[in-house]
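1. quick one, what's the 3D model for this:
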Amino acid sequence: FLKRLMQNRGRQIVKAGLLWLFCAFLFVLPNTANAQQTTEKWGVAYKAIGGYVWAHTGQVTNLKAHVYGYSIGFRYKTANNKQWQRLLNSPAWGVDYLYLNYGRPDILGAAHAVLPYIDFPMFRYKKWTLYLKTSAGLGYITKPFNENTNITNRTIGSHINAHMGLYWDFSYGINNNTDFLISGGITHFSNGNFNKPNLGVNTPNLSIGFTHYWGK
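-> Numbering: from 1, shown residues only. The predicted structure follows:
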């Protein structure tokens, strides 16, 4: 019992330490961002995605598999000509369509989601920009738990789920109209306990892609 208690206590300390480091990172980096974007413009962003299903509890180890998919959506890059844009270091915002194949078509299937997001610039250096991207929206999972046909899916009990995402986006300006993107983060689907089971589906992932801008 004492050994298990110490192990749990150790994990809590590690999680708390990582959380404090993350918060410190958020406070420090905005001070290094600078206002380089002077023209507002809109475009389309596309990313190819690869990752895996995170077995965060022992009940979902049967869902471990490689994940692949893509996202495509509208993106609007602001400039520093308004007060709120200057306060937030000229963020970008948009809406993505997300598709993820969970690698277990008979158990979990795939996910579709529509996700509004905002990208907060944290650091700029020449043509590189580091963004903290947050997204939230609604998703549809094709193979939820069903007591008659799908009892092996012990993590999601409904087709309709909320989605939350947190990512680090690295953007490199190839030219004035095209950015190359590298992104890493995690997606989370959950139904808020309105239908059991609801352990949630967590997917750490990496992605690469491009944004092409047209309008100003």
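2. whatever helix or strand Phe170 lives in packs against which elements?
-> In this assignment (DSSP states H and E), Phe170 forms part of strand 160-175. Helices and strands touching strand 160-175, by 3 or more CB pairs under 8 Å, 6 or more residues apart in numbering; DSSP states H and E, are strand 110-125, strand 128-141, strand 178-190. For glycine as for every other residue, the C-beta is placed from the backbone atoms N, C-alpha and C.
3. state the mean pLDDT of the first one.
-> Predicted confidence along strand 110-125 averages 92 (mean pLDDT).
4. which ones are touching His188?
-> Shown in contact with His188 (CB atoms under 8 Å, 6 or more residues apart in numbering): 163-165, 200-203.
5. ok, it to Trp214 distance?
-> His188 is 32 Å from Trp214, where distance means CB to CB, to the nearest Å.
6. same deal with Glu40?
-> 12 Å.
7. who has more neighbours out of these two?
-> Glu40 (17 against 9; other CB atoms under 10 Å).
8. can you pull the contacts of that one?
-> 76-79, 81, 216 are the contacts of Glu40 under CB under 8 Å, 6+ apart.
9. mind listing what Val114 touches?
-> Applying CB under 8 Å, 6+ apart, the residues near Val114 are 95-98, 137-139.
10. can you list the weak-confidence ranges in this structure?
-> 1-38, 56-59, 216 (pLDDT under 70).
11. mind redoing it with 90?
-> 1-41, 52-66, 77-90, 102-109, 123-127, 141-159, 175-177, 188-202, 214-216 (pLDDT under 90).
12. can you confirm Gln85 is in a strand?
-> No: read with DSSP: H, G, I helix; E, B strand; the rest coil, Gln85 is helix and lies in no strand.
13. excluding covalently adjacent residues, which one is nearest to it?
-> Thr78 (4.7 Å; CB to CB, 6 or more residues apart in numbering).
14. dihedrals phi and psi, the one you found?
-> phi -80, psi 170 (degrees, to the nearest 10).
15. how much space separates it from Tyr125?
-> For Thr78 relative to Tyr125 (CB to CB), the value is 20 Å.
16. residues in contact with the spatially most central residue of the chain?
-> Nearest residue to the geometric centre of the chain (CA atoms, centre = their mean): Gly165, 3.2 Å. Contacts for Gly165 (CB under 8 Å, 6+ apart) come out as 115, 117, 133-136, 185-188.
17. now those: which count as buried?
-> 115, 117, 133-135, 185, 187-188 (16 or more other CB atoms under 10 Å).
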